[in-house]
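**Student:** What shape does this take:
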Amino acid sequence: MIQKYDFHCTSCHHKLSDDKHIKLTTKRGDEKLGLIKLSTSVGQYDYFHEPAVEFEPGEMITFCCTECDASLNSKEFPNYALLKMKVNEDIQFEVLFSRKAGVQKTYLVTEDGIETYTGT
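**Tutor:** Numbers count the residues shown, from 1 in each chain. This next block holds a predicted model:
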């Protein structure tokens, strides 16, 4: 696995991550809920939400860019959010992660194929 990478918005290309977290806005329908911090380690599903929010199992969450507020919902796979993972300007991948609360599934789409990660 690649050791150094950043996550970016697919619309405005704003960097959404630091060394430890991906920071996204969350929405329930059209209602903005707050800020979620996800692990930058693919396959790790711990998160922190400000303010604290209870997600119902199976609830579909909309994740948005903190800069342009664009929805990160995948057009091709509507149950997933889509981010760009950049190693550098020449090496970039797509990352799809489940929008459904309680479903811990992530796909990393590389030139060699698709890597799948699931939680417990």
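**Student:** Name the SS class of Ser89, please.
**Tutor:** Careful, residue 89 is Glu; it's not Ser. coil (DSSP: H, G, I helix; E, B strand; the rest coil).
**Student:** okay, and for the protein, where does confidence drop off?
**Tutor:** By pLDDT under 70, the low-scoring segments of the chain are 1-3, 120.
**Student:** Tell me where it has strands.
**Tutor:** Assigned by DSSP state E, the strands in the chain fall at 6-8, 21-28, 31-39, 47-50, 62-64, 80-86, 92-98, 105-110, 113-118.
**Student:** List the buried residues for the fifth one?
**Tutor:** The neighbour-count check on strand 62-64 (16 or more other CB atoms under 10 Å) flags 62-64 as buried. Yep, even glycine has a C-beta here, placed from its N, CA and C like the rest.
**Student:** Touching that strand from outside, list them.
**Tutor:** If you take CB atoms under 8 Å, 6 or more residues apart in numbering as the criterion, strand 62-64 is touched by 24-29, 36, 70-73, 81, 99.
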